[in-house]
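Student: model the following, please.
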Amino acid sequence: MTEEELQAIEWARRQRGRRPLQGRSIRHVVARLVTDKQYAATGARDALLTAWRDAAGPALAPYSLPGKLSRGTLHVVVQDSATMQEIMFQQAAIVQRLQARMEGVDITRIQCRVGQVR
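Tutor: Purely as a prediction, here's the structure:
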């Protein structure tokens, strides 16, 4: 084998497993970008925040901020213990309103903690 053929074989080995840039649709590139940069999560976060404001109402929403949703539990940061207590009193109604506003999302309970609400 010539040196040129050996270089071609080595180049082919290095290229194995790499997808060529040509032939990729813009749909795949954008989907990958959205996944990598978590832009889709931002949209879901905005939807949760809007649903929370509607479900909690004007008396509680300014003093609370929904966080992550984990196994049916919505974690909420509240400004003070009085707000936490009021959310716990109204938990069943708030959960029901959240489920009505966010179809396909399973929220069964709310867990609060006191912290900074921005």
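Student: return the residues in contact with Trp52.
Tutor: When contacts are counted by C-beta atoms under 8 Å, 6 or more residues apart in numbering, Trp52 touches 61, 64-66, 76, 98. In short, each C-beta sits where N, CA and C put it, glycine included.
Student: how far away is it from Gln79?
Tutor: Trp52 is 14 Å from Gln79, where distance means C-beta to C-beta, to the nearest Å.
Student: thought Leu98 was touching Thr73?
Tutor: No: with contact defined as C-beta atoms under 8 Å, Leu98 does not reach Thr73; the gap is 11.9 Å.
Student: please enumerate the shared neighbours of the two.
Tutor: With contacts taken as C-beta under 8 Å, 6+ apart, Leu98 and Thr73 have Ile107 as neighbours in common.
Student: out of the two, which sits in the busier spot?
Tutor: Set Leu98 next to Thr73 and count neighbours by other C-beta atoms under 10 Å: Leu98 wins out with 21 against 13.
Student: what does the strand or helix carrying the more buried one rub up against?
Tutor: Secondary structure from DSSP states H and E places Leu98 in helix 91-101. For helix 91-101, the external contacting residues (C-beta under 8 Å, 6+ apart) are 51-52, 54-56, 74, 87, 105-110.
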